[in-house]
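Chemist: Predicted model, plus sequence, below.
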Amino acid sequence: MDNENTNNSIEYFGASVRGPSNKSKKKLKEDAWLGVKRSWGYLIVTCDGMGSKESARKGAKEACHAVRDAVQLWQAYDAPIEFLFNTIHLFWEYRIFPLDPNDCATTCLFAYLNNENEITTAQLGDGVCVIRDKNGNIDLLDGDDSEFTNNTTGLGIAKSIEQWRYSSLKTFVPGSAVLLATDGVSEDVEKSRLGDMTYDIVSEYKGMSPRKRWETLCYELRNWATPHHLDDKTITLLWAEPYEMGNRK
């Protein structure tokens, strides 16, 4: 994991924990996340390695790095979004080689904020991506809403880059936030509550130190309120200060 951003205008953090199912099987966590600040902008990535796959953990971890490297290349050219998705697939397969891509299948969600304050969010597979603006309006990507995207779609399985869902917004103003979550979280939260959840997490955590944020979010994910939850859980967030401009809605 790259160091968390300490810029006064844009901040991000995240956490990922092993679910009860993998713990009982003595398996390692198969979710992964990454957050970076670079000269070309800010990026958060969240991936969920498919538990039925032999190398799911490897697939999720390398997907995070593949997105980072692909975004770095993409932002340097005036190329369409399809170039980015193709590059992610190519870089991911390079990183997992010589493993079979099907054995490393993983979902992939990311949000990229460039230096022109434009934000691109994208999703392959399940989980959820939420952008909440300063007025409480929601832009939602959700795998369940796509005819192409379902519980078995991801890197290593997708047959076409058309299976990616994405959204681009021209401005990411102060008071806005984006949340990415794997299905261990998204399946337990009603869509109507996602905006409030995004607001509440940022409002509560933004004043904490990076270490305290991580520890507190890990605690909340491990002590998840939904009874009999089983999956690994990952949440990542990126927001623009001052967040007090946002109103709960």
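Modeler: Sure thing, it's come through.

Chemist: List the contacts of the most centrally placed residue in the chain.
Modeler: Nearest to the mean C-alpha position of the chain, by CA atoms, centre = their mean, lies T46 at 3.1 Å. Counting by CB atoms under 8 Å, 6 or more residues apart in numbering, T46 makes contact with 14, 31-33, 108-110, 127, 180-182, 234-236. Using the backbone N, CA and C atoms, a C-beta is placed for each residue, glycine as well.

Chemist: just how off-centre is stretch 31-50 within its chain?
Modeler: Stretch 31-50 sits 7 Å away from the centroid of its parent chain (CA atoms, centre = their mean, to the nearest Å).

Chemist: first to last residue in it, what's the distance?
Modeler: According to CA to CA, to the nearest Å, stretch 31-50 extends 9 Å from its N-terminal end residue to its C-terminal end residue.

Chemist: ok so, going back, beta partners for the residue nearest to the centre of the chain?
Modeler: W33, L109 (DSSP bridges).

Chemist: can you check W239 too?
Modeler: Beta-bridge partners for W239, by DSSP bridges, are E11, A177.

Chemist: quick one, what contacts it?
Modeler: With contacts defined as CB under 8 Å, 6+ apart, W239 is in contact with I10, E11, Y12, S176, A177, V178, V202, K206.

Chemist: and the second one, how many residues sit next to it?
Modeler: Counted with other CB atoms under 10 Å, residues neighbouring E11 total 24.

Chemist: where exactly do the strands run in the chain?
Modeler: With DSSP state E as the definition, the chain shows strands at residue ranges 10-17, 31-38, 41-48, 108-113, 119-124, 128-132, 138-142, 165-169, 177-181, 233-240.

Chemist: I'd like these as TSV, with mean pLDDT and distance to Q75 appended.
Modeler: Putting the strands of the chain into TSV (pLDDT from 0 to 100; distance: least, CB to CB, whole Å) gives the following:
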stretch	mean pLDDT	distance to Q75
strand 10-17	96	16
strand 31-38	97	9
strand 41-48	97	7
strand 108-113	98	8
strand 119-124	97	10
strand 128-132	95	19
strand 138-142	85	20
strand 165-169	94	13
strand 177-181	97	17
strand 233-240	96	16
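
Chemist: Out of these, the one nearest Q72 is which?
Modeler: Put simply, out of these the one that sits nearest Q72 is strand 31-38, at 6.9 Å, with distance taken as CB to CB.

Chemist: Tell me the buried residues in that closest one?
Modeler: Burial within strand 31-38, assessed by neighbour count using 16 or more other CB atoms under 10 Å, is assigned to D31, A32, W33, L34, G35, V36, K37.

Chemist: mind putting those in a markdown table, distance to S55 included?
Modeler: Written out in a markdown table, the entries for the buried residues of strand 31-38 read as follows (distance: CB to CB, whole Å):
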| residue | distance to S55 |
| --- | --- |
| D31 | 14 |
| A32 | 12 |
| W33 | 18 |
| L34 | 18 |
| G35 | 23 |
| V36 | 24 |
| K37 | 29 |
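
Chemist: quick one, what contacts the spatially closest residue to D139 that is not a sequence neighbour?
Modeler: In space, not counting the residues next to it along the chain, D139 is nearest to I131; the distance is 4.2 Å by CB to CB, 6 or more residues apart in numbering. Taking CB under 8 Å, 6+ apart as the criterion, I131 is in contact with A111, I119, T121, I138, D139, L140, S167, L169, S176, A177, V178.
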